[in-house]
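1. Next come a sequence and a model predicted from it.
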Amino acid sequence: MRAALPVLAGVVLLSAMPGISTAVSPTIEAVSTNYNYCTVCHGPNGNGNSAIAAPAIAGIEPWYLTEQLTAYRERLRGQDFKVDPAGTEMRIVAHELSDKQIATLARYIGQFSIERKTPSMSGDAVNGKQLYAAHCAACHGEQAGGNATLHAPALRRLNDWYIVASYKRYRSGVRGASTDNPSGNQMHQIAQSLPDAFPINDVSAYLTTLEAKGSERK
Amino acid sequence: MQDDVKAGAPSARPVTRRQLLQLAGMAGGSAAVYRIAAALELLPGLQSSGPLKLTPARKNRRVVILGAGIAGLVCAFELVRAGYTVEILEASYRPGGRVLTLRSGDVVDEIGNRQVCRFDAAPHLYFNAGASRIPTTHSLILGYCKELGIALETHVNANTAAWVQYDNLLDGQRIRQREYNADARGFIAELLAKSLLQGSLDAPLSGLDRERVLEFVSRYGDLEADHVYRGSPARAGFSTGGLYLPGVKKRVVEFSELLRSDYWQTAMHFGEGEAQSSVLQPVGGMDRIVYAFADRLRGQLKLNAQAIAIHTSDSGVQVTYRQNGQTRTVAADYCLNSIPGPILSGIDHNFSSALQARLIARPRGQIGKIAFQMRERFWEKEGIYGGISWTGQDIGQMQYPSHAFHAEKGVVIGGYYLEKGPSERFQLMSAQERLAAAMRDGERLHPGYSGYVENGVSVAWYRMNHLLGCTARETDPETLQILRAPQGRHYLIGDQVSKHAGWQESAVLSAHDVLNKLNEREAA
């Protein structure tokens, strides 16, 4: 069962126009508080959309979303269209967000219910479980629920294609190359320390089997 | 019979498509037949269902339509007329989709780059940010214009008084299209005349009167009596004089120079095809069409209604949507859906995996436009009334208004970019950056351009809320077949299931085709 979308207090959403004889022209303020922007790309319930390369955001930890939206706004993510076109789309979204709006969004999106993701890729989940325990659990939590103190987000709420794509971006430095983004840089170095043939698909397959829950340590 | 082929001899009768398919079947089985049928576009579901024929509805038949663009509005209009109960769910605050006309105070809902149009409030100061012209061959949409009483006027499309400017042509100097075109034709004609006179062309001319062909070529290129091209004042104009005082001929631009730019790849021939004069536009803005439909559909149209789940079966469709923080589910006998493929693929549905794969693969077109309100119609002082100047700068084109000639001000489309590189660059820019870039580019076509700009606005369709793209072109017959096949009682509509995306006519054709299929099912 899908939980109802939490109502965002203080948000002004336009009601349907009763009659339209001329062009409807809402004020920019009315349009700008329409948080449905997120659901257009990330899916109505925030479960992600591979067609737009928009990952699941339902249940994202508020601290993590705040970090990432800020990183986009400060151009620490999504700088280069050639290697990260979807990231540049997020940079555009984030560039006009104030700290207050980011905080509001973080609380709002964090309330979307996490749903089980349908696998879209194949991998050996048994092997993945071992690899995860050996290389990832220390930061990302035994059940992939994340660890705020270590700036490691939950992984078990993510789409498999996004886990694989993000790992590759961290490895290549598209994400996290700059030390201006310390937590991202940390992941970049860890990814680079893993062997070339590290079967991230197996880890991703394993993560997809974990039951969807909130993060372990907020 | 007697036409059986002798080894090496061509058949006396042409092979019919049926024979070809039979041969394919014999050689390669059903898969081969399918492949060739696809290539010949004979696949079921791609055949014309003919003109719209919607018979009166049976009792209490409901249709839910997703998206209030042209396809959705046309479907709703016809279904209501036939007695169906219709609900249109539109995610945006406005109907129209990619038919968007911006005027004073209008908001551009571009994600992360919202703008407000600051044109003066005046009927002639508008910007058709999406659909902007209707070819006269587009009879269905024109039919609705007539039925809805929408006044139309000419949209000047190709205008040889307008400019051509490419950095590798004449050192980046602008030149009138009429000069370029005349000199290009003159050269080609002279080349051809020489070949004819030397008798070096043979086979294609057998059966033709050589002398008459030579004369055709001379007229084509405006050659002088000795079949040499020395300029064409009739076509390129005089440098000075000609009407009253003696005319001074313009210089002839050498063909080697004309060849250097890319103008002749597409732009030069733009006015020959679908875009040929006359094309038409509604008086006062393209969205007159949208609001004419919307006015007649007030009871049906729900705005700010975002579909979040679709469940289809052979007995009906349920659509769950969110509006103003409330979630509702509507059940209908049919669902006609124009939500763009990439967005639709992220909504919960029970479509086949084959269709889902195609929805994910739909391209997100990246073209966009930039418009400026100019405090003076400086282009008219240059003798340009409507039409398009072409340039190799990122803006690609500049379009001049075809209406309100000699008014005090005018809205110029200061950029309409179609190429990938410029599209990517513009869509990443902030609103202000775009205007600055377009002003820089505009200076190459009109020195002093920036000085006339009062304000500007832009639309990058890739980034527009609820659309995330445009012109999702598809020509592969197999993909089209999958896109057009119903999923239970659910059909896709819109230009994205046509072969000619980016035109209202294609949206209307898809609407009519699906309505015919619906009608057939209802009659059964």
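-> Structure's in. What do you need?
2. What helix or strand is the residue of chain B found nearest chain A located in?
-> Closest approach between chain B and chain A, counting by CB to the nearest CB: B:Gly346, at 3.0 Å. Every C-beta, even on glycine, is put in place using the N, C-alpha and C of the backbone. Per DSSP states H and E: B:Gly346 is located in neither a helix nor a strand.
3. Then B:Val64?
-> B:Val64 belongs to strand B:62-66, assigned by DSSP H and E.
4. can you list contacts of the helix or strand that comes right after that strand?
-> Downstream of strand B:62-66, the next assigned helix or strand under DSSP H and E is helix B:70-81. Identification of contacts with helix B:70-81 by CB atoms under 8 Å, 6 or more residues apart in numbering or on different chains yields B:52, B:54, B:57, B:63, B:65-66, B:68, B:86, B:88, B:90, B:95-97, B:99, B:131, B:141, B:144, B:289-290, B:293-294, B:296-297, B:300-301, B:336, B:338, B:493-495, B:504, B:507-508, B:510-512, B:514-515.
5. ok, now stretch B:384-394?
-> B:154-159, B:161-168, B:174, B:177, B:261-263, B:267, B:270, B:396-402, B:405, B:415, B:417, B:421-422, B:425-426, B:437, B:441, B:444-445.
6. dump the residue contacts of residue 176.
-> By default, I'm working from chain A. Neighbouring residues of A:Gly176 by CB under 8 Å, 6+ apart: A:169-170, A:184-189, A:191.
7. meant chain B, my bad for not saying
-> By CB under 8 Å, 6+ apart, the residues touching B:Arg176 are B:160-164, B:236-237.
8. Quick check: residues of the stretch 201-350 of chain B near chain A?
-> Residues of the stretch 201-350 of chain B lying close to chain A by CB under 8 Å from any CB of the partner chain are B:287, B:291, B:294-295, B:298, B:301-309, B:322-325, B:327, B:341-343, B:345-348.
9. Find the nearest non-adjacent residue to the residue of chain B closest to chain A, please.
-> Among residues not flanking B:Gly346 along the chain, A:Asn49 sits closest, at 3.0 Å (CB to CB, 6 or more residues apart in numbering or on different chains).
10. From A:Lys117, how far out is the one you found?
-> With distances taken as CB to CB, to the nearest Å, A:Asn49 is found 12 Å from A:Lys117.
11. So for these two, which residue has more residues nearby?
-> Neighbours per residue, other CB atoms under 10 Å in any protein chain shown: of A:Asn49 and A:Lys117, the larger number sits with A:Asn49, 25 against 22.
12. wait, doesn't the more buried one sit right on A:Thr39?
-> No. Counting by CB atoms under 8 Å, A:Asn49 stays clear of A:Thr39, with 9.8 Å between them.
13. Name only those of the residues of the stretch 201-350 of chain B next to chain A that count as buried.
-> For those, a burial check counting by 16 or more other CB atoms under 10 Å in any protein chain shown picks out B:287, B:291, B:294, B:301-309, B:322-323, B:341-343, B:345-348.
14. quick one, what contacts whichever residue of chain A sits closest to chain B?
-> Of all residues in chain A, A:Asn49 sits closest to chain B, with a separation of 3.0 Å (CB to the nearest CB). Contacts here follow CB under 8 Å, 6+ apart; on that basis A:Asn49 touches A:41-43, B:342-343, B:345-346.
15. one more time with 7 Å, if that's ok
-> A:Asn49 makes contact with A:41-43, B:345-346 under the criterion CB atoms under 7 Å, 6 or more residues apart in numbering or on different chains.
16. go on, B:Gly112?
-> Counted by CB under 7 Å, 6+ apart, B:Gly112 has contacts A:92-93, A:95-96, B:463.
17. what's it sitting at in phi/psi?
-> B:Gly112 has phi and psi values of phi 80, psi 0 when expressed as degrees, to the nearest 10.
18. Which helix or strand contains the residue most central in space within chain A?
-> Closest residue to the average C-alpha location of chain A: A:Ile57 at 4.6 Å, with CA atoms, centre = their mean. Using DSSP H and E, A:Ile57 falls within no helix or strand.
19. Look up the closest residue to it, ignoring the ones flanking it.
-> Nearest to A:Ile57 is A:Gly46, by CB to CB, 6+ apart, at 4.6 Å.
20. Quick one: low-confidence residue ranges for the stretch 201-350 of chain B.
-> Counting by pLDDT under 70, the stretch 201-350 of chain B contains low-confidence ranges at B:201-205.
21. how many neighbours does A:Asn201 have?
-> The local packing of A:Asn201 (other CB under 10 Å) involves 19 other residues.
22. State the distance from it to A:Ile52.
-> According to CB to CB, A:Asn201 and A:Ile52 sit 22 Å apart.
23. Same question for B:Ser92.
-> From B:Ser92 to A:Ile52 the distance is 17 Å (CB to CB).
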